[in-house]
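Q: Generate a structure from the sequence data that follows.
(2 chains)
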Amino acid sequence: MRTRSAVLALILLLVGATRPAAADPRGGDVAGVARDFWELIQQIRGEPADSIRTRTQAIQPRAIPAAEAGGFLVDLADLSHPLALEEQIGRLAAMPEREMRATIPGGAARLGAFSVGSDQTLAGHLLVVRGDAQVFGRLQGNLVAYDGDIVVHPGAVVSGDVLAIHGVVHDRGGEIGGELRTLSAAPVETAVVEPPLSAGEVTLRRVAGVLGVFLTLAALGYGLAAFGRHNLQVVSDTVSHSFGRAFVTGLVGQILILPTFGMLVVGLVLSVAGILLLPFAVAVYALLVIVGVVGGYLAVAHAMGETYTRRRLAQGLMMGAAGSSRFLLAGLAATMSLWIAWALFGWVPVAGSLIRGAAILVTWLLATAGLGAAMLSRAGIRENFAGRIIPPEALTDEYLWATPQFGVPAVKRPGAGSRTGGTGA
Amino acid sequence: MTSRAALCAILALVGTERGAAQQMRDFSSARQRHGETRLTTRLDFAAGTLRLAPGPAGQLYGFALTYDAERFRPASRFDPATGSVRLGLESTGRSGIRVSSPGHLEQSAHVTLSPAVALALDVTLGAVDADIELGGLRLTSLRVETGASRAAIRFSRPNTTRCASAVVEAGAAEVVFAGIGNSRCERIVFTGGVGTATLDLGGAWTNDARLDVRLTMVDLTLRLPRSVGVRVEMERFLSTFDEGGWTRDGSAYLSPGYATSRHKVAVSLATTVGNVDVEWR
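A: Predicted coordinates:
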């Protein structure tokens, strides 16, 4: 591969060397040939050649005529805002060469390479578009090059500022009265921005995200069921028996979280001894809020799973032991179902947004109720709102689901009517 | 665990939205020195890496910058009437709350200042990793304000003129202020928020100085050369102070050989919730 490149380079060198010097607008010197050769090598190797240089070489240098009244105007009096000038001159540079017209107040504009000779004195600002500006003599004003370099040679004088937009200022010993500025062209380095994901990739990523959340919550739930089963069940029962009350309490709790936090901090700061407890109190408060929300949400999932599982067991559609872990899994699966629907169909216009909105709303409702239940039951310590009038050991599946406990169906139990009738007879 | 769950939930909710592309550009500015004798420099740098050092005498200042064009624009303005220059970055208003994140390519700035002019330097840093070498400059006054930065301010060589004051205000920062003896500043003020600070009083002292240090929740390391007499007046609340090697003089602490030292530094140290360690050199 290297040998082939070397042979190719040799051929190109011979071709380049035999080209007539007049073909190079910048002169037929050895450096010009070498530059052409190098650019050709770059192009053949697929590397980006110096596009600006290539473009400017093709330009026949000439003056850019002044624009008509109200036409394109570039003010070079103040070069301290190079980005604004870049945008302004960029519009001029983008014009077709023959249509280029620009008024430079107190100055002139040139297209292509331009030199101020050593015996020349140029009064006024100078704009050079798509070419290098070489200063050997004196320039009494500001100098701007767009898509080109500025070279200030020894003995040259520029009284004002110089600015190279998409180029470089070479100070080779000249005198520059003002500021030298350079602004690079295209991005120097761009962060690696991944291409947009396809619909399938987006769906997969979302499903993975939802599954990740599900597994994390399930793991947390298992831990809670293992080490705080009683508390979990009490909060869960509070949700089941006092859902409305729990929701309102959760809502109020959400509203009061920040004010309470503020009062806590202010109270501790005002008390001299309390300030020491401040970092500890802040951490504990944040932990309590997180535990309240996440634990409450898990309790809601537990309640949902319990309702579903007991109903299935009572109907004989399901067999096996009914425990908190099973309730949690079933409940979490139910709560995640909307998110799964969003993950799968979120890409559908309108419907995707609706599903997502519904999932957010339902999740918020459940989390609010869970937080409220956790607050009402003091994290599962108080059973006042858990509906535990009968001892837990009496709450068998048959008792809960096969036996009506309230209302007319309870009156119409099999056998109850005949006993009554019998007595009457 | 709970925070991880919350993070997962947030990531799942956020989905796959992408950030805007980042466009890094180069900008440079410089000015030849044409007989100027003084320069007031204000440098504002919000995020990235900053290097400041003495430059060639014939160049008043030099500023080379690689910046994120999506979030910032370069600033370089010289006012010949006042002999002042403002260098740095200005926000485009599209940077959002965060000024720096791992996803962003790092911005960098390299500033050089002429050692031949009397220099008043005012530096404001945001989330910046800064190395500020001031040795060899003709610094008449210094003010450095840092945000969440890691900054090293050094006088590796003596300041070539007397400096009226040096004020360093550090936020949540890790600051090293080294070679204070070379600074030739008559008054030095160091204010620190949360973080760590090192004040190195080393260097070639040519004058007496006063050092005011105000710290809150900062671990301070004082590096003290034995050749300089140091007198520390201290106010501390919930703070520790390494008293080894000091001599008590009423409420003050005196360094060994304080009375016979040619140059004396009076340190007023107020610290709340922090530690003060002393390293003798």
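
Q: what helix or strand is the residue nearest to A:Phe261 when sequence neighbours are not counted on?
A: Leaving aside its sequence neighbours, A:Phe261 sits nearest to A:Tyr285 (Cβ to Cβ, 6 or more residues apart in numbering or on different chains; 5.9 Å). Glycine gets a C-beta too; all of them are placed from N, C-alpha and C. For A:Tyr285, the element it lies in under DSSP states H and E is helix A:278-314.

Q: what do you get for A:Ile255?
A: helix A:243-270.

Q: Give me the helices and strands touching that helix, please.
A: helix A:278-314, helix A:351-376 (3 or more Cβ pairs under 8 Å, 6 or more residues apart in numbering or on different chains; DSSP states H and E).

Q: per-residue confidence averaged over it?
A: Mean pLDDT, helix A:243-270: 89.

Q: chain center to it: distance?
A: Centroid separation for helix A:243-270 versus its chain: 31 Å, with Cα atoms, centre = their mean, to the nearest Å.

Q: With stretch B:211-219 instead?
A: A distance of 14 Å separates the centroid of the chain from that of stretch B:211-219, by Cα atoms, centre = their mean.

Q: Any buried residues in the helix holding A:Ile255, and which?
A: For helix A:243-270, burial by neighbour count (16 or more other Cβ atoms under 10 Å in any protein chain shown) applies to A:Phe243, A:Arg245, A:Ala246, A:Phe247, A:Thr249, A:Gly250, A:Gly253, A:Gln254, A:Ile257, A:Leu264, A:Val265, A:Leu268.

Q: And A:Gly70, how far from chain B?
A: As judged by Cβ to the nearest Cβ, to the nearest Å, A:Gly70 and chain B stand 29 Å apart.

Q: quick one, phi/psi of B:Tyr258?
A: For B:Tyr258, the backbone dihedrals (degrees, to the nearest 10) come out as phi -60, psi -50.

Q: any idea how far the closest residue to it other than its chain neighbours is from A:Ser184?
A: Nearest residue to B:Tyr258 in three dimensions, chain neighbours excluded: B:Gly229, at 3.9 Å (Cβ to Cβ, 6+ apart). As for B:Gly229, its distance to A:Ser184 is 53 Å (criterion: Cβ to Cβ, to the nearest Å).

Q: about what we covered before: so which of the helices and strands packed on helix A:243-270 is nearest B:His110?
A: helix A:278-314 (39.6 Å; Cβ to Cβ).

Q: per-residue pLDDT, A:Arg310?
A: 82.

Q: Next, count neighbours for it.
A: 18 (other Cβ atoms under 10 Å in any protein chain shown).

Q: just B:Val230 next, same as before
A: 24.

Q: pretty sure A:Val169 contacts A:Gly178?
A: No: the pair A:Val169 and A:Gly178 does not pass the contact test of Cβ atoms under 8 Å, sitting 11.4 Å apart.

Q: Check which helices and strands the helix holding A:Tyr285 sits against.
A: On a contact count with 3+ Cβ pairs under 8 Å, 6+ apart, helix A:278-314 meets helix A:199-227, helix A:229-241, helix A:243-270, helix A:324-345, helix A:351-376, helix A:397, helix B:2-14.

Q: Which positions in the fifth one come out as buried?
A: Looking back up the chat, that one is helix A:351-376. Residues of helix A:351-376 classed as buried: A:352, A:355-356, A:359, A:363, A:366-376 (neighbour count, 16+ other Cβ under 10 Å).

Q: That one and chain B, are they touching?
A: Yes: using Cβ under 8 Å from any Cβ of the partner chain, helix A:351-376 reaches chain B at A:Ile360.

Q: Pairing-wise in the sheet, spell out the partners of A:Leu143.
A: A:Leu126, A:Val162 (DSSP bridges).

Q: Can you name the residues that contact it?
A: If a contact means Cβ atoms under 8 Å, 6 or more residues apart in numbering or on different chains, then A:Leu143 has A:His125, A:Leu126, A:Val128, A:Ala133, A:Val135, A:Ile150, A:Val158, A:Gly160, A:Asp161, A:Val162, A:Leu163 as its contacts.

Q: what's the spacing between it and A:Pro65?
A: A:Leu143 is 20 Å from A:Pro65, where distance means Cβ to Cβ.

Q: do A:Ser337 as well
A: Taking Cβ to Cβ, one finds A:Ser337 at 71 Å from A:Pro65.

Q: do the same with B:Glu186
A: 62 Å.

Q: What of B:Ser255?
A: 77 Å.

Q: For chain B, which helix or strand comes out least confident on mean pLDDT?
A: Among the helical and strand segments of chain B, the one scoring lowest on mean pLDDT, DSSP states H and E is helix B:2-14, with a mean of 44.

Q: Next SSE downstream of it?
A: Sequence-wise, the next helix or strand downstream of helix B:2-14 (DSSP H and E) is strand B:23-32.

Q: By proximity to chain A, which residue of the stretch 151-281 of chain B wins?
A: B:Leu238 (7.8 Å; Cβ to the nearest Cβ).

Q: Isn't B:Leu269 up against B:Val278?
A: No: contact criterion Cβ under 8 Å: B:Leu269 and B:Val278 do not qualify, at 10.9 Å.

Q: between these two, which one's more packed in?
A: Remark: of B:Leu269 and B:Val278, B:Leu269 carries more neighbours, 22 against 19, as counted by other Cβ under 10 Å.

Q: Outside of the helix or strand containing the more buried one itself, list whatever touches it.
A: B:Leu269 belongs to strand B:264-280 when assigned by DSSP H and E. With contact meaning Cβ under 8 Å, 6+ apart, strand B:264-280 is reached by B:201, B:205, B:208-224, B:226, B:228-242, B:244-246, B:258.

Q: Cool, thanks, talk later.
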